[in-house]
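Asker: okay, sequence plus prediction incoming.
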Amino acid sequence: MALAVHLFRRIMRRGRVIGLLALSSVPALLFWLVGFDDTDGRPAELYTDIVSSVGYTYVIAALILTVATLRDERDSGTLPYIYMRPIRRLNMAAQSVLAGTAAALVIGAGGWLAAMLASLALGDVSIALPSLSLFVAAGIGYAAIFVPLGYLVPRSLLVGLGYILVVETILANVVTGLAQFSVWRIAVSIYAGLDNDLGEVASEALGPVTPGVGGGMAKLAGVVVIGLAVLTWALKKRDAL
């Protein structure tokens, strides 16, 4: 676990964390602003609509943070020293993904706590309670994708943004099969399995993906396994420099 702790501390720089916490809190801020003008009297549905659509700000925050897990080490020239340690590549990959996941979850927890405060200000703290599952599931899934991406691709941040914009938001809306493997839709499906007050926008965000905790967790586990496999292969075959 020493490697995971080292990587986590390295990427959780104060200035970076503050900025990304603000980014992940955008859905909460929007809910707080719009909630006071809600004339339909259905704040729970309003919140699900906002967090399922505007919640991509958290995905971008997770991208910025998790691609740096091994990229910071590589750019600073310290990655070869980690390679020299007597540690199996699978273990190295697992600890790297764990560090990225922990960092993403910290940022997600901040966004969720901001949503809880917004819900409290509007009079019902239970509105945002189930959305913790959305932040947790998204953090786990995207860390499994973006940590290997940060190691494999030099301009990983741009490639990651392209993935979010093109694959997650455009192609997944057109190709039904691709939507089933969209990490955001998987996370929303888990959230929907715990919250029955899904609004129209949130239901549209799911697309063809069926709501459900069990199915969503199974897909999420598959994403993590694939991410670990890719990173393990890359650590074995790719040059640390």
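Answerer: Received the coordinates, thanks. Numbering: from 1, shown residues only.
Asker: list the helices and strands the helix or strand hosting Leu63 packs on?
Answerer: Taking DSSP states H and E as the criterion, Leu63 maps to helix 56-66. Helix 56-66 makes packing contacts with helix 14-24, helix 26-35, helix 89-121, helix 132-152, helix 156-162 when contacts are defined by 3 or more C-beta pairs under 8 Å, 6 or more residues apart in numbering; DSSP states H and E. C-betas here are computed from N, CA, C, even on glycine.
Asker: let's go with 7 Å and repeat that
Answerer: Judged by 3 or more C-beta pairs under 7 Å, 6 or more residues apart in numbering; DSSP states H and E, the packing partners of helix 56-66 are helix 14-24, helix 89-121, helix 132-152, helix 156-162.
Asker: switch the ones you listed over to CSV; also include distance to Tyr191, mean pLDDT and mean neighbour count.
Answerer: Formatted as CSV, these follow (distance: least, C-beta to C-beta, whole Å; pLDDT from 0 to 100; neighbours: other C-beta atoms under 10 Å):
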stretch, distance to Tyr191, mean pLDDT, mean neighbour count
helix 14-24, 15, 92, 16
helix 89-121, 11, 93, 22
helix 132-152, 4, 94, 26
helix 156-162, 22, 90, 17
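Asker: please identify which of these is closest to Gly35.
Answerer: Closest of these to Gly35 is helix 89-121, at 6.9 Å (criterion: C-beta to C-beta).
Asker: residue ranges with poor pLDDT in this structure?
Answerer: Applying pLDDT under 70 to the chain flags the ranges 38-41, 76-85, 238-241.
Asker: show me the contacts for Ile60.
Answerer: Ile60 sits next to 23, 164 when contact means C-beta atoms under 7 Å, 6 or more residues apart in numbering.
Asker: how near is it to Val159?
Answerer: 13 Å (C-beta to C-beta, to the nearest Å).
Asker: redo the helices and strands packed on helix 56-66 as JSON lines? Include distance to Ala218.
Answerer: As requested, the helices and strands packed on helix 56-66 are arranged in JSON lines below (distance: least, C-beta to C-beta, whole Å):
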{"stretch": "helix 14-24", "distance to Ala218": "26"}
{"stretch": "helix 89-121", "distance to Ala218": "18"}
{"stretch": "helix 132-152", "distance to Ala218": "12"}
{"stretch": "helix 156-162", "distance to Ala218": "25"}
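Asker: what's the closest of those helices to Leu46?
Answerer: Using C-beta to C-beta, the nearest of these to Leu46 is helix 89-121, at 10.8 Å.
Asker: what packs against the closest one?
Answerer: helix 2-11, helix 14-24, helix 26-35, helix 56-66, helix 68-76, helix 132-152, helix 213-237.
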